[in-house]
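Colleague: here is a sequence with its predicted model. Questions after.
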Amino acid sequence: MPTYVYEVVNPDGSAGERFEVIQRMSEPILTQHPETGEPVRRVITAANISGKWSDAEAKRTLNDDKRLGELGFTKYVKSSSGKYEKRAGDGPDLISAD
């Protein structure tokens, strides 16, 4: 289901607080805030489409250690002992502050 952005319409006609609502496309557009009853209008925003260069794809790429190494990055993760262990890429296997 799509997520729609609405904003409260202030008494002077200016834009107020914005909020998101998950609704079916077949549902009517809201005219009142679901909690406060204030008048609202739907705001047109850019679509969030997952694709090759989307935020979702970036998160998947950055969380994939093998892929990070292929892209030339080195990833270190702090262990419970306070040392940093290599998870991807080139470089020393362990980095410590000692």
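Modeller: Great, that's in hand.
Colleague: can we go C-alpha only for contacts and neighbour counts from here?
Modeller: Fine.
Colleague: which secondary structure elements does the helix or strand bottoming out on mean pLDDT in the chain contact?
Modeller: In the chain, the helix or strand scored least confidently by mean pLDDT, DSSP states H and E is helix 55-63, which has a mean of 74. Here helix 55-63 is seen to pack against helix 65-70 when contacts are counted using 3 or more Cα pairs under 8 Å, 6 or more residues apart in numbering; DSSP states H and E.
Colleague: by contact count, what packs against the helix or strand immediately after the helix it packs on in the chain?
Modeller: Scanning forward in sequence from helix 65-70 by DSSP states H and E, the next helix or strand is strand 75-78. Strand 75-78 is packed against strand 84-88, with contacts defined by 3+ Cα pairs under 8 Å, 6+ apart.
Colleague: kindly recompute the last result at 10 Å.
Modeller: If you count contacts as 3 or more Cα pairs under 10 Å, 6 or more residues apart in numbering; DSSP states H and E, strand 75-78 packs onto helix 65-70, strand 84-88, strand 94-95.
Colleague: right, I'll call it a day here.
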